[in-house]
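Visitor: following is a predicted model, sequence given first.
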Amino acid sequence: MLIKSIEFYVLPGEPKIREVDGSRGGMEKVPPGWTGMFTHTHGLRGHLGNPAVHYRDDKPAPTFRLVLRMVTDGELSAYSDFASGFHADDLAWKAREFMATIAPMLVGIDAFDREHVWQKLWYAQRFFYTGRGLVDIIDNMLWDLASRHTRLPIYKLLGAYRDSIPAYGLIGGTTTDEYVADAVRVKKLGFVGAKDHSYRGVKGNIQLAKELRAATGDDFLLMHDPVECYDYDEAVKVGRALEKLDYKWMEEPLQDYDLLGLKRLSDRLDLPILALEWIGYLGGQPFNASTFLAQQACDIVRQRGVGITGQMKLAHLAESFGALVHGGNHHVILAIRNDPVFEAYMGLMPRPPEEMLDCRGTLVVENGAMSIAYSDRRPPEPDWDEHARTAVEVVQ
């Protein structure tokens, strides 16, 4: 199925009131403050009330979305929303830039040669300064096309390992009591565990961990994610306390760049250390994980592979070192062995009625597990003629 041509449609969207505020607050030192490390105010103190800075339009403004279509010599196209904004002309020029630089690399290639396309765009990041987003979009488009062509969900095409996986929920609050109440709520929803993002320093976080374990019982998974707010000595102290409380892992205890610190911490603690969320987000994964794995600087790699293809590469890389990965695309998670539990950051997602299912699959989170519900129905193609009629501009 060759890619014959590429088209962009600048389509009108729903009017929207533009608004921005400072609801996350600023940056404050992590308690007690002597390490000099910082975290964001909202995460430290919870709800801030009315933000000090708040801009809001008086009336709705027109919006536009940019749809990318790869036309093939078959009956199906690959397509995706590519960008959105308040100015159609800016989106049209974004499309023209793609047509001048990236499109010539794709036209004439078999749309099923995803590895070829992934490799080409991976290297294009360096020479065209595209960032990881472009690889993500194109790779996911081509996997979606394969799903619709075969009438199978992507995780089946990847070679499914399982059809469901246990799921945990996220908890939060402005006080220890609120965190504990939220954990109890999550357990009542049927989740197998909970993860906190608490930045309240060593003393506060150890106390929180004790109260979470007491409230949820010994059979409930608990994970702690301080988001890089400890130094090495603090991480050891917290880690020792979490070991006694039978925590599943500690996530991002140090900055990802601190390879030596993570190595020392992983050697010192029996508690598994999960790392590489931030450095992975910047675009280096799957390959930048290899050094951390080879040095045994972490036990679990945060899944930040670029595109579905990149996520499979990272999962297999970690597996070859006997390590786990965590997070990422739900199709990838069901296609691999070495991710132990699903992070249900979206909360519950009930199974939809059968008539709403198609071959691409729908994420389901219920009864303490994640699965993908699907049917063999192929979704209808977008009405490209209608898109052309209603588009503010078509870039070809």
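Guide: Sure thing, it's come through. These numbers were taken from a predicted model, which means no experiment stands behind them. Numbers count the residues shown, from 1 in each chain.
Visitor: tell me the contacts of the residue most central in space within the chain?
Guide: When CA atoms, centre = their mean is applied to the chain, the residue found nearest the centroid is residue 328 (5.1 Å). Going by CB atoms under 8 Å, 6 or more residues apart in numbering, residue 328 touches 303, 304, 305, 311, 339. No exception for glycine: its C-beta is placed from N, CA and C like everyone else's.
Visitor: check what pLDDT residue 50 gets.
Guide: pLDDT recorded at residue 50 is 60.
Visitor: what's in contact with the strand or helix carrying residue 6?
Guide: Following DSSP states H and E, the helix or strand that holds residue 6 is strand 3-12. The contact list for strand 3-12 (CB under 8 Å, 6+ apart) reads 62-73, 78, 82, 88, 91-92, 95, 98-99, 103, 106-111, 387-388, 390-396.
Visitor: which of these fall in helices?
Guide: 88, 91, 92, 95, 98, 99, 103, 106, 387, 388, 390 (DSSP state H).
Visitor: quick one, what contacts the first one?
Guide: Under the criterion of CB under 8 Å, 6+ apart, the neighbours of residue 88 are 10, 64, 392, 393.
Visitor: find the nearest non-adjacent residue to residue 292, please.
Guide: Leaving aside its sequence neighbours, residue 292 sits nearest to residue 298 (CB to CB, 6 or more residues apart in numbering; 5.4 Å).
Visitor: the one you found is in contact with residue 271, isn't it?
Guide: No. Here residue 298 does not reach residue 271: they are 11.7 Å apart, not a contact under CB atoms under 8 Å.
Visitor: neighbour count: those two, which is higher?
Guide: Higher neighbour count among residue 298 and residue 271: residue 298, with 29 against 24, using other CB atoms under 10 Å.
Visitor: what about the more buried one, distance to residue 262?
Guide: According to CB to CB, to the nearest Å, residue 298 and residue 262 sit 6 Å apart.
Visitor: repeat for residue 161
Guide: Residue 161 is 28 Å from residue 262, by CB to CB.
Visitor: neighbour-wise, which of these two wins?
Guide: Neighbours were counted for residue 161 and for residue 262 using other CB under 10 Å; residue 262 has more, 26 against 14.
Visitor: tell me the secondary structure of the more buried one, please.
Guide: Here residue 262 is recorded as helix under DSSP: H, G, I helix; E, B strand; the rest coil.
Visitor: which residues touch it?
Guide: Residue 262 touches 254, 256, 273, 275, 292, 297, 298, counting by CB under 8 Å, 6+ apart.
Visitor: and for it, nearest residue in space, chain neighbours not counted?
Guide: residue 297 is the one closest to residue 262 (CB to CB, 6+ apart), at 4.2 Å.
Visitor: surely the one you found meets residue 256?
Guide: No. Applying CB under 8 Å as the test, residue 297 and residue 256 come out as separate, 9.7 Å apart.
Visitor: okay, and the helix or strand of this structure with the least pLDDT?
Guide: Least confident helix or strand, the chain: helix 41-45 with a mean of 74, by mean pLDDT, DSSP states H and E.
Visitor: ok, and what's touching it?
Guide: Contacts for helix 41-45 (CB under 8 Å, 6+ apart): 23-28, 30-31, 48, 174, 197, 199-200, 227.
Visitor: pull out the buried residues from the helix ranked longest in the chain.
Guide: Across the chain, the longest stretch assigned as helix under DSSP H is helix 132-150. Residues of helix 132-150 classed as buried by neighbour count (16 or more other CB atoms under 10 Å): 132, 134-149.
Visitor: how is this protein partitioned into domains?
Guide: Using automatic domain parsing, the domains assigned to the chain come out as 3-15+59-150+380-395, 19-56, 157-373.
Visitor: identify each buried residue in the shortest one, please.
Guide: When neighbours are counted by 16+ other CB under 10 Å, the buried residues of domain 19-56 are found to be 28, 30, 31, 35, 37, 38, 39, 41, 42, 43, 44, 48.
Visitor: need the max-distance pair from the residues you listed.
Guide: Pairwise distances across these peak at 23.4 Å for 35 and 48 (criterion: CB to CB).
Visitor: tell me the pLDDT of residue 8.
Guide: 98.
Visitor: on that earlier part again, of the ones in helices among the contacts of strand 3-12, closest to residue 211?
Guide: Residue 211 lies nearest to residue 91 out of those, by CB to CB, at 49.8 Å.
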